[in-house]
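Asks: Can you look at this prediction? I've put the sequence above it.
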Amino acid sequence: MKKGRKRKKRIYLLAFLALIVLLGLCLFNLKKNVRPVVFTYCDALISALGMESINSSAADVVALYEYSDFVDLKRGEDGRILYLGTNTATVNGFVRSLALRCENALNALGKQEIVIPAGAFTGSPLIAGSGPNVKVDVTFFSTVHCDFITSFENVGINQTRHAIYAKIEVLFNTVLPIAEHEISLENHIMIAENVIIGEIPNVYVASEDGTDYLDLIP
């Protein structure tokens with residue numbers, strides 16, 4: 001009789017220990033999944049908001065300029081192109097305005113909230129979208145850097161398409177309850193384009209002093 005009781009106690013003890021180990025493994029797995037899941041949802045939210053703000057800000061700034069504001073094109077009396085270069089002062093002003101406009105718009109978004117289904121933390125795709133929602137506050141700060149890019153493309157006999165783009169790079173420093181996280185975002189915005197008629201010079205001057213240039217013919 002005593003042996004039977006001892007055996008039952010031993011079975012109960014082993015079952016209890018097994019349950020503790022199982023719960024420990026579940027908690028460990030849950031904790032291991034929390035950070036990457038939160039980061040994934042954070043990346044998706046910030047990327048969506050960031051792209052929307054960048055595109056809106058860029059559209060407002062680009063609307064203030066025309067192709068002729070950026071490019072200095074001089075022709076001779078016979079209509080032949082003598083010089084093709086960049087209006088550096090205008091470009092610098094545009095880049096500064098664009099970067100400042102984007103940065104102000106992004107930082108004005110303030111604190112955001114991520115909503116994550118509890119099942120996403122289990123690591124199982126079967127229940128990733130189930131369970132109660134977990135809300136996580138996200139605070140972020142952004143730094144914006146803009147570059148001016150030009151491209152030339154032959155589109156016909158003595159016809160060259162000249163396109164001007166703004167390359168916008170954003171670094172987000174996000175503050176989450178579990179950790180800090182960095183997110184980088186890049187976008188290219190079309191500023192202006194024009195089809196230049198006539199034979200263009202072999203060199204496109206990218207600065208007014210002539211120290212920076214682009215070979216148009218390899």
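Replies: Nice, I can see it.

Asks: Which elements pack onto the longest strand along the chain?
Replies: Secondary structure of the chain read by DSSP state E shows that its longest strand is strand 133-156. Packing partners of strand 133-156 (3 or more CB pairs under 8 Å, 6 or more residues apart in numbering; DSSP states H and E): helix 2-62, helix 88-107, strand 112-117, strand 159-175, strand 180-197. From N, CA and C alone the C-beta is placed, and that goes for glycine too.

Asks: Adding distance to Gly129 and mean neighbour count, write the ones you listed out as TSV.
Replies: What follows is those, written out as TSV (distance: least, CB to CB, whole Å; neighbours: other CB atoms under 10 Å):
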stretch	distance to Gly129	mean neighbour count
helix 2-62	12	13
helix 88-107	29	17
strand 112-117	5	15
strand 159-175	23	18
strand 180-197	23	15
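
Asks: for those, which one sits closest to Val138?
Replies: In terms of CB to CB, the element of the helices and strands packed on strand 133-156 nearest to Val138 is strand 112-117, at 4.7 Å.

Asks: who's in contact with Glu52?
Replies: Shown in contact with Glu52 (CB atoms under 8 Å, 6 or more residues apart in numbering): no residues.

Asks: Would you point out which residue is most central in this protein?
Replies: Nearest to the geometric centre of the chain sits Leu185, at 1.6 Å (CA atoms, centre = their mean).

Asks: Would you check that my belief about that residue contacting Ala48 is correct?
Replies: No: contact criterion CB atoms under 8 Å: Leu185 and Ala48 do not qualify, at 10.3 Å.

Asks: what about this protein, any weak spots by pLDDT?
Replies: Low-confidence regions of the chain, defined by pLDDT under 70, span residues 1-18, 21-32, 123-128, 200-218.

Asks: let's go with 80 and repeat that
Replies: Applying pLDDT under 80 to the chain flags the ranges 1-34, 76-84, 110, 118-133, 156-158, 177-179, 198-218.
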